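Chemist: I would like to see how this sequence folds:
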Amino acid sequence: MNKRNKIIYWVATVWLSLGMASTGIVQLLKMKEEVTKTSMTLGYPTYFLTIIGVWKLLGVVAILIPKYPVLKEWAYAGFFFLMSGALFSHLAIGDEAIELFGPSLLLVLIFISWHFRIGDRKQ
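Modeler: All right, here's what the predicted structure looks like:
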């Protein structure tokens with residue numbers, strides 16, 4: 001893997017990890033804005049925040065640790081399902097375009113990080 005691809009991989013992976021970890025922590029802490037947005041606006045139960053928050057944090061750990069390529073594939077797939085679900089949920093209720101930015105950006109970062117992953121991180 002050349003230097004350019006490594007830089008692309010690490011920039012995308014760090015931003016993806018920061019995005020997933022920060023939103024996962026917010027969901028685990030059940031901050032008022034997140035509870036209001038998720039429970040009232042999207043119609044999800046509050047306990048769903050705990051499940052998603054734990055999955056996000058575990059996924060970040062899986063993507064950042066060396067080796068375990070199958071676990072990494074599962075983490076990337078889980079992130080894809082979470083963010084595509086979030087995007088669809090916002091579209092389904094007719095949210096403003098600004099609400100689509102976060103899930104869309106994270107989806108792009110998921111694809112870039114997955115595509116440029118380092119050789120020893122592939123199967």
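
Chemist: I'd like the next helix or strand past the helix or strand of the chain with the lowest mean pLDDT.
Modeler: Taking mean pLDDT, DSSP states H and E as the measure, the chain has helix 32-35 as its least confident helix or strand, at a mean of 81. Counting by DSSP states H and E, the element after helix 32-35 in chain order, helix or strand, is helix 47-64.

Chemist: Sort out which residues of that following helix are buried, please.
Modeler: In terms of neighbour count (16 or more other CB atoms under 10 Å), helix 47-64 has its buried residues at Leu49, Ile52, Gly53, Trp55, Lys56, Leu57, Leu58, Gly59, Val60, Ala62, Ile63. All C-beta spots, glycine's among them, are computed from the backbone N, C-alpha and C.

Chemist: The third one and Ile98: what is the separation?
Modeler: As defined by CB to CB, to the nearest Å, Gly53 lies at a distance of 22 Å from Ile98.

Chemist: sorry, back to before: out of the buried residues of helix 47-64, which is nearest to Ala77?
Modeler: Nearest to Ala77 out of the buried residues of helix 47-64 is Gly59 (CB to CB; 9.5 Å).

Chemist: ok, the closest one - contacts?
Modeler: Met20, Ala75, Gly78, Phe79 (CB atoms under 8 Å, 6 or more residues apart in numbering).

Chemist: ok, now Ser39?
Modeler: By CB under 8 Å, 6+ apart, the residues touching Ser39 are Pro45, Thr46.

Chemist: ditto for the one 3 residues further on
Modeler: Residues counted as contacts of Leu42 (CB under 8 Å, 6+ apart) are Ser89, His90, Ile93.

Chemist: follow-up on the earlier one: now the buried residues of helix 47-64 as JSON lines including distance to Ile7 and pLDDT?
Modeler: Converted to JSON lines, those look like this (distance: CB to CB, whole Å; pLDDT from 0 to 100):
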{"residue": "Leu49", "distance to Ile7": "34", "pLDDT": "90"}
{"residue": "Ile52", "distance to Ile7": "30", "pLDDT": "94"}
{"residue": "Gly53", "distance to Ile7": "30", "pLDDT": "94"}
{"residue": "Trp55", "distance to Ile7": "28", "pLDDT": "96"}
{"residue": "Lys56", "distance to Ile7": "25", "pLDDT": "97"}
{"residue": "Leu57", "distance to Ile7": "26", "pLDDT": "98"}
{"residue": "Leu58", "distance to Ile7": "26", "pLDDT": "97"}
{"residue": "Gly59", "distance to Ile7": "22", "pLDDT": "97"}
{"residue": "Val60", "distance to Ile7": "20", "pLDDT": "98"}
{"residue": "Ala62", "distance to Ile7": "22", "pLDDT": "96"}
{"residue": "Ile63", "distance to Ile7": "17", "pLDDT": "95"}
